[in-house]
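*Asks:* the following comprises the amino acid sequence and a computationally predicted model.
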Amino acid sequence: MLTLLYAGAPGAFAAYEPALREALATAGIAARILRPDEAPGAEIDYIIYAPNGPVSDFTPFTRAKAVLSLWAGVERVVGNPTLTQPLCRMVDTGLERGMVEWVTGQVLRAHLGLDRYIHRHTPHWERVVPPLASERGVTMLGLGALGAACATTLAGLGFRVTGWSRRPKAIPGITCESGAEGLRAALARAEILVTLLPNTPQTTDLLNAETLAQLPRGAVILNPGRGNLIDEAALLAALDNGQVAQATLDVFRSEPLPPEHPFWAHPGITVSPHIAAETRPATAAQVIAENIRRFEAGEPPLHLVDRARGY
Ligand code: NAP
């Protein structure tokens, strides 16, 4: 009998506990699922973790074989010096479908110019016929689990999709770029730019005055990735001078976004409160159970984080 520690958001235990129980039973794993006050750290075999849970010091968990994150982004745990166990991040079909729906909705909103009509409440019969998707360039920065799924869906709708990643990739229907030159080419085609990169030192301020200037004039930015990706002052300047027409931001350097932050009041910015994609207990529990099965069987785990790379 394994002992699992649920160290996710306390309020989500009621949703995760039955989902984990069912997934573990289906995977043939006998386990009890406890909360931090229910067992000494030294009895724990696996830690199911989220940064909004109660654990930040992993030293008591002397027997733990792995830390299994409920979040896709691991920037708040990857550098934790007390973490000596393997760390796996969450890749979940629920999370993926949620992100695909959010990104597709926001891309279509920008592509069709929906705001023009939604916010008009005076008689003004101005017809602005949008181009077809095949005439619109969309660029995805990040072609991982989420970026590749979004890029593929957008290509399926007919958009001209370019993707950019650290390592070269080949994805049917997507023009794939990588490296510094690739970034320049990807930005130049980005009438709509979507950022689905992790928060690492290398991605911080990737969108700055210089790179924003490489976008087509009047580009739209959608950031469901991480707040660190964008130099905030440079974005505000680019919005104010028309280089960027509009930005919809789901993630921020500080969350909740402070009430006095200029993003709230800026007419070119839509603030979305980190709801682009949520881990779904039913599907996430299956990923956790499968990884525990793999660790117990001595098989390579899924979605192992490269601690040096940071994602
Ligand atoms: P992933 O599978 O790890 O993919 C990350 C992608 O970014 C990969 O294509 C990777 O390139 C690329 N990348 C990383 N560093 C790079 C660099 N320095 N230069 C160029 N490309 C780089 O991650 P994911 O599951 O798709 O998730 C992406 C991010 O979405 C997460 O890290 C998280 O921050 C965010 N997220 C947000 C929400 C939300 O609700 N807003 C929900 C879930 C996740 P390689 O393929 O070459 O490694």
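*Replies:* Happy to help now that I have it.
*Asks:* pop the domain breakdown of this protein in here.
*Replies:* As given by automatic domain parsing, the domain ranges for the chain are 2-92+279-297, 94-271.
*Asks:* and the longest one, anywhere near the ligand?
*Replies:* Yes - looking at domain 94-271 against the ligand by C-beta under 6 Å from any ligand atom, the contacts come from 95, 142-147, 165-167, 196-200, 202-203, 224-226, 250-251. For glycine as for every other residue, the C-beta is placed from the backbone atoms N, C-alpha and C.
*Asks:* just the buried residues of those residues.
*Replies:* 95, 142-147, 165-166, 196-200, 203, 224-226, 250-251 (16 or more other C-beta atoms under 10 Å).
*Asks:* residue in this structure nearest to the ligand?
*Replies:* Distances between the chain and the ligand by C-beta to the nearest ligand atom are smallest at residue 144, namely 1.7 Å.
*Asks:* can you pull out the helices in the stretch 151-300 of the chain?
*Replies:* Secondary structure of the stretch 151-300 of the chain (DSSP state H, counting those that start in this stretch): helices located at 179-188, 209-212, 232-240, 262-265, 281-297.
*Asks:* remind me, longest helix of this structure?
*Replies:* In the chain, assigned by DSSP state H, the helix with the most residues is helix 93-112.
*Asks:* buried set for that helix?
*Replies:* In helix 93-112, counting by 16+ other C-beta under 10 Å, buried: 94-96, 98-100, 102-104, 106-112.
*Asks:* contact partners of the helix or strand that it is followed by?
*Replies:* Once the chain leaves helix 93-112, the next helix or strand it forms, by DSSP states H and E, is helix 114-118. Residues from elsewhere that reach helix 114-118 (C-beta atoms under 8 Å, 6 or more residues apart in numbering): 108-109, 126, 128, 246.
*Asks:* name the nearest residue to residue 54, sequence neighbours excluded.
*Replies:* residue 36 (5.3 Å; C-beta to C-beta, 6 or more residues apart in numbering).
*Asks:* what's that neighbour sitting at in phi/psi?
*Replies:* Torsion angles at residue 36 (phi, psi; degrees, to the nearest 10) stand at phi -60, psi -30.
*Asks:* cool, residue 7 as well?
*Replies:* phi -120, psi 40.
*Asks:* residues contacting it?
*Replies:* So residue 7 contacts 36, 47-50, 53-55 (C-beta under 8 Å, 6+ apart).
*Asks:* repeat that for residue 16.
*Replies:* Counting by C-beta under 8 Å, 6+ apart, the residues that residue 16 touches are 6, 8, 48, 70, 281, 284-285.
*Asks:* recalculate using a threshold of 10 Å.
*Replies:* 6, 8-9, 33, 48, 50, 70, 279, 281-282, 284-285, 288 (C-beta atoms under 10 Å, 6 or more residues apart in numbering).
*Asks:* doesn't residue 246 make contact with residue 111?
*Replies:* No - Residue 111 lies out of contact with residue 246 (C-beta atoms under 10 Å); the separation is 11.6 Å.
*Asks:* identify the contacts common to these two.
*Replies:* 192, 220.
*Asks:* buried residues, the one helix or strand in the chain whose mean pLDDT sits lowest. List them.
*Replies:* Lowest on mean pLDDT, DSSP states H and E among the helices and strands of the chain sits helix 114-118, with a mean of 94. The neighbour-count check on helix 114-118 (16+ other C-beta under 10 Å) flags nothing as buried.
*Asks:* quick one: average pLDDT of the helix or strand following that helix?
*Replies:* As assigned by DSSP H and E, the chain's next helix or strand after helix 114-118 is strand 137-141. Strand 137-141 carries an average pLDDT of 98.
*Asks:* quick one: strand 137-141 to helix 179-188, angle?
*Replies:* 140 degrees (axes from the mean of the first three to the mean of the last three C-alpha atoms, to 10 degrees).
*Asks:* helices or strands up against strand 137-141?
*Replies:* helix 93-112, helix 145-156, strand 160-165, strand 175-178, helix 179-188, strand 192-195, strand 219-223 (3 or more C-beta pairs under 10 Å, 6 or more residues apart in numbering; DSSP states H and E).
*Asks:* save those as TSV, and put in distance to residue 309 and mean pLDDT too.
*Replies:* Listed next are these as TSV, based on distance: least, C-beta to C-beta, whole Å; pLDDT from 0 to 100:
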stretch	distance to residue 309	mean pLDDT
helix 93-112	20	98
helix 145-156	15	98
strand 160-165	12	98
strand 175-178	15	98
helix 179-188	16	96
strand 192-195	18	99
strand 219-223	21	99
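*Asks:* any chance of these in JSON lines, plus distance to residue 26?
*Replies:* Shown next, in JSON lines, are the helices and strands packed on strand 137-141 (distance: least, C-beta to C-beta, whole Å):
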{"stretch": "helix 93-112", "distance to residue 26": "15"}
{"stretch": "helix 145-156", "distance to residue 26": "22"}
{"stretch": "strand 160-165", "distance to residue 26": "34"}
{"stretch": "strand 175-178", "distance to residue 26": "36"}
{"stretch": "helix 179-188", "distance to residue 26": "41"}
{"stretch": "strand 192-195", "distance to residue 26": "35"}
{"stretch": "strand 219-223", "distance to residue 26": "36"}
